[in-house]
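Asker: Fold the following, please.
(one chain, ligands or ions: 2)
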Amino acid sequence: MDESCDLSGWKISHPARPGAPEGRDVPEVRPVPIGPIAVGGGRPVVIAGPCAVESRAQTLEIAEAVREAGGDMLRGGAFKPRTSPYSFQGLGEKGLEILAEVRERTGLPIVTEVMDPRLVGLVSRYADVLQVGSRNMQNFPLLVEVGRSGKPVLLKRGWSATVEEWLGAAEYIAAEGNLRILLCERGIRTFASRDGCRNTLDLTVIGLLRRRTFLPVLVDPSHATGDAALVPAASRAALAAGADGLIIEVIGATTDRAEIHCDGRQGIRPAVLRELVAAARATPRDCRGVTR
Ligand code: PEP
Ligand code: MN
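Answerer: Numbers count the residues shown, from 1 in each chain. Ligands and ions are numbered 1, 2, ... in the order given. Here you go, the predicted structure:
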């Protein structure tokens, strides 16, 4: 049996049939409702916000900019996965409280990361969407817990994960009865990072995923590039490649990048976000996720 058929009995996966007529073996994208928004519903969504919640004022300023730009949801980490234990780790529950207050004021649903299975209950009380980060894509106890939470889950691709491994991770969530999963390509690690690009944005994976699953696929151009100047083109390319939406890091209009604790180089300014929201609105897609 073709190895690619191993997942055929699984709930979210569809066996790839490379010989089938173009487009005919691709399942329809099943939209994931989040409040009034349908991710995968033909209108690409834009999730935007700071890398980390660093203060109430910073989060509120950026959230208002996201709303004014026409963004659909607010992102922001309260628990940050940092390479060094001495780096800013996020504000923890205080950060979640800030996010909840900002949601009250702006109406934007909140996407925030959870890293620890023991904290899924806490983060679920505040979040509209639980993010599982790249470093935790195969943290199986965490996947089980977010599956049990019943919350929508934004599952980032591990930076060296194959499609099989990624769908296997999604299947852990689905196996708990939670099919509200958003896959998110955020760049993979290749030799190109030596040229100053944080990761390599793998846009081909959108088409590969379309053959295998009905789950919506988002793209994160911020962690894929690590450089604000590279984010607009990467975002437009992702939309053209059929992404169901973008998740983008944003900084304040006049904030000094050097003052930001986390990922200051890659956050775009609100004016750039406005253009990208307009680009997203201008690229609707059909039920199979193909850009029209
Ligand atoms: C993030 O979204 O802030 C983040 C840490 O992303 P990733 O897990 O893709 O590195
Ligand atoms: Mn970040």
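Asker: What distance do you get for the residue of the chain found nearest ligand 1 to residue 160?
Answerer: Per CB to the nearest ligand atom, residue 133 is where the chain lies closest to ligand 1, at 2.9 Å. The way it works is simple: take the backbone N, C-alpha and C, and place the C-beta from them, glycine included. Separation of residue 133 from residue 160 (CB to CB, to the nearest Å): 14 Å.
Asker: go on, residue 167?
Answerer: 15 Å.
Asker: These two: which has the busier surroundings?
Answerer: residue 167 (24 against 11; other CB atoms under 10 Å).
Asker: Please work out how many residues are found near residue 87.
Answerer: By other CB under 10 Å, neighbour count at residue 87 equals 11.
Asker: can you confirm it is in a helix?
Answerer: No: counting by DSSP: H, G, I helix; E, B strand; the rest coil, residue 87 is not part of a helix but coil.
Asker: pLDDT value on it, please?
Answerer: As predicted, residue 87 sits at a pLDDT of 97.
Asker: in this protein, which spans are strands?
Answerer: Using DSSP state E, the strands of the chain run over residues 32-34, 37-39, 45-49, 73-75, 110-113, 129-132, 153-156, 181-185, 217-219, 245-249.
Asker: where's residue 46 relative to residue 55, distance?
Answerer: 23 Å.
Asker: what about these two, which has more around it?
Answerer: residue 46 (24 against 15).
Asker: and the residue nearest to residue 125 when sequence neighbours are not counted, how far is that from residue 109?
Answerer: Nearest residue to residue 125 in three dimensions, chain neighbours excluded: residue 96, at 7.8 Å (CB to CB, 6 or more residues apart in numbering). Residue 96 sits 14 Å away from residue 109, going by CB to CB.
Asker: more crowded one of those two?
Answerer: Counted by other CB under 10 Å, residue 96 and residue 109 do not tie: residue 96 has more neighbours, with 23 against 18.
Asker: Surely the residue nearest to residue 125 is in contact with residue 128?
Answerer: No: applying CB atoms under 8 Å, one finds residue 96 not in contact with residue 128, separated by 11.8 Å.
Asker: how many other residues sit next to the residue lying closest to residue 218 once chain neighbours are set aside?
Answerer: Using CB to CB, 6+ apart and skipping the chain neighbours, the partner closest in space to residue 218 is residue 184 (4.3 Å). Counted with other CB under 10 Å, the neighbours of residue 184 add up to 28.
Asker: same check, this time on residue 186
Answerer: Other residues close to residue 186 by other CB under 10 Å number 23.
Asker: and the gap between it and ligand 2?
Answerer: 9 Å (CB to the ion, to the nearest Å).
Asker: Local confidence estimate at that residue?
Answerer: Predicted confidence (pLDDT) for residue 186: 98.
Asker: Now it: closest residue in space that isn't a chain neighbour?
Answerer: In space, residue 186 is closest to residue 220, 3.9 Å off (CB to CB, 6+ apart).
Asker: quick one: the residue nearest to residue 125 from ligand 2, how far?
Answerer: Taking CB to the ion, one finds residue 96 at 17 Å from ligand 2.
Asker: One more: residue 153?
Answerer: 18 Å.
Asker: Which residues are in contact with the residue of the chain closest to ligand 1?
Answerer: 81, 113, 115, 156 (CB atoms under 8 Å, 6 or more residues apart in numbering).
Asker: quick one: which of those residues has the most company?
Answerer: residue 156 (26 neighbours).
Asker: Tell me what it is bridged to.
Answerer: residue 184 (DSSP bridges).
Asker: what sits against it?
Answerer: 131-134, 137, 184, 186, 220.
Asker: wait, what's in contact with the closest residue to residue 260 other than its chain neighbours?
Answerer: Among residues not flanking residue 260 along the chain, residue 251 sits closest, at 6.3 Å (CB to CB, 6+ apart). Applying CB under 8 Å, 6+ apart, we find residue 251 in contact with 50, 62, 257, 260, 264, 267-269.
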